[in-house]
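A.B. asks: using only what follows, build the 3D model:
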Amino acid sequence: MSILAEIRTKYNILSPTQKKIADVILNSGDKVVLMSISELAEKCETSETTIMRFLRKMGYDSYQVFRVRIAQEFSDKTPRAIYEEIKPDDSIESIKNKVIQSTINSINDLERLIDGELLNDVVNMMKNAGRIYFFGVGASSAIALDAFHKFLRLGLNVYYCSDSHIMSIIGAHTTNSDLIFAISHSGESKEILDAVELAKENGTKVISITSYKNSSLTKLSEKVILSSTNETKYRSDAMVSRIIQLAIIDILYVALVLRLGPDSIDKVNKSRLAVAKKKL
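C.D. replies: Sure thing, here's the model as predicted:
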């Protein structure tokens with residue numbers, strides 16, 4: 001049974017508050033898919049806890065899974081579900097041009113999205129951190145790994161993790177001199193949130209790279225770098241935003257190299273030589 005049908009079927013047994021949540025979802029489901037849980041709670045004039053109680057009654061333990069399912073139901077089941085600009089009769093040449101143009105537009109949006117002062121603060125935090133951890137799961141793990149690889153070349157005390165159990169263990173043992181980069185397109189990945197919450201108990205600072213400014217992750221972060229692009233209600237996964245996130249990592253890398261001075265160039269060259277020995 002679809003989510004909307006499930007809500008209609010159970011509507012009469014819902015409490016007045018839950019009926020209000022149901023009404024918002026039934027009447028504005030296409031908008032709900034773009035909302036964080038806190039935004040939906042505000043729209044329904046209730047709490048996040050009440051939203052989760054409602055979702056459990058519908059058979060969902062995760063708001064993110066619920067939102068993806070809603071997005072699938074409101075999708076028109078055409079190529080728009082993958083890339084909204086694409087039409088069924090588009091040629092391969094048209095597809096190529098549209099994807100390239102969409103990516104270019106999103107990269108051009110970076111100037112508007114990211115404040116220079118914010119980046120400066122993040123670079124200072126990285127420079128002063130004892131250890132830096134890059135966390136990411138699913139598609140975001142690839143971004144975290146790219147960041148780990150880049151900053152490792154500078155000889156920094158950096159770590160990468162995409163395993164939920166290991167992340168939580170790390171989070172439990174971080175200190176107030178450590179820094180966590182939490183990378184999550186939605187900002188609602190439970191694996192990331194659990195590890196970050198544990199780290200926050202130790203006074204660890206958190207920088208998040210996410211596409212949703214009102215997500216659960218942003219509330220746990222000292223600094224938030226937004227990678228929101230022209231992702232649409234039809235795209236529940238990150239597509240163009242992952243390119244933006246890679247660009248953000250590159251910006252931070254270059255800025256930190258300059259901040260660290262000539263010594264960082266020597267370390268980059270030492271890293272290059274270490275890898276060069278592996279090549280014939």
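
A.B. asks: when you work out contacts or count neighbours from here on, use the C-alpha atoms and nothing else.
C.D. replies: Will do.

A.B. asks: can you pull the buried residues of the helix or strand of the chain with the lowest mean pLDDT?
C.D. replies: Counting by mean pLDDT, DSSP states H and E, the chain has its least confident helix or strand at helix 110-113, which shows a mean of 77. Using 16 or more other Cα atoms under 10 Å as the burial criterion, the residues of helix 110-113 that qualify are Leu110.

A.B. asks: now the strands: where do they sit in the chain?
C.D. replies: 132-135, 158-161, 179-183, 205-210, 223-226 (DSSP state E).

A.B. asks: the first one pairs with which strands, parallel or anti?
C.D. replies: To tie it back to what came earlier, the one meant is strand 132-135. strand 158-161 (parallel), strand 179-183 (parallel) (DSSP bridges).

A.B. asks: looking at the ones you listed, which is nearest to Ser271?
C.D. replies: strand 158-161 (14.4 Å; Cα to Cα).

A.B. asks: residues in contact with the closest one?
C.D. replies: 131-136, 141, 144-145, 148, 151-152, 167 (Cα atoms under 8 Å, 6 or more residues apart in numbering).

A.B. asks: distance between it and the chain's centre?
C.D. replies: Relative to its chain's centre, strand 158-161 lies at 17 Å (Cα atoms, centre = their mean, to the nearest Å).

A.B. asks: with stretch 173-181 instead?
C.D. replies: 19 Å.

A.B. asks: can you give me the helices for this structure?
C.D. replies: 3-10, 16-32, 37-43, 48-57, 63-74, 92-108, 110-113, 116-128, 139-152, 164-173, 190-200, 216-219, 240-260, 262-276 (DSSP state H).

A.B. asks: buried residues in the second one?
C.D. replies: Taking 16+ other Cα under 10 Å as the neighbour-count basis, helix 16-32 is seen to contain the buried residues 18-26, 29-30, 32.

A.B. asks: please apply the same query to the third one.
C.D. replies: When burial is assessed from 16+ other Cα under 10 Å, helix 37-43 yields the following buried residues: 37-41.

A.B. asks: what of the longest one?
C.D. replies: Within helix 240-260, the residues scored as buried using 16+ other Cα under 10 Å are 240-246, 248-250, 252-253, 256-257.

A.B. asks: again with the fourth one
C.D. replies: Along helix 48-57, the positions that meet the burial threshold by neighbour count (16+ other Cα under 10 Å) are 48, 51-52, 54-55.

A.B. asks: where does the stretch 51-200 of the chain have low pLDDT?
C.D. replies: 74-86 (pLDDT under 70).
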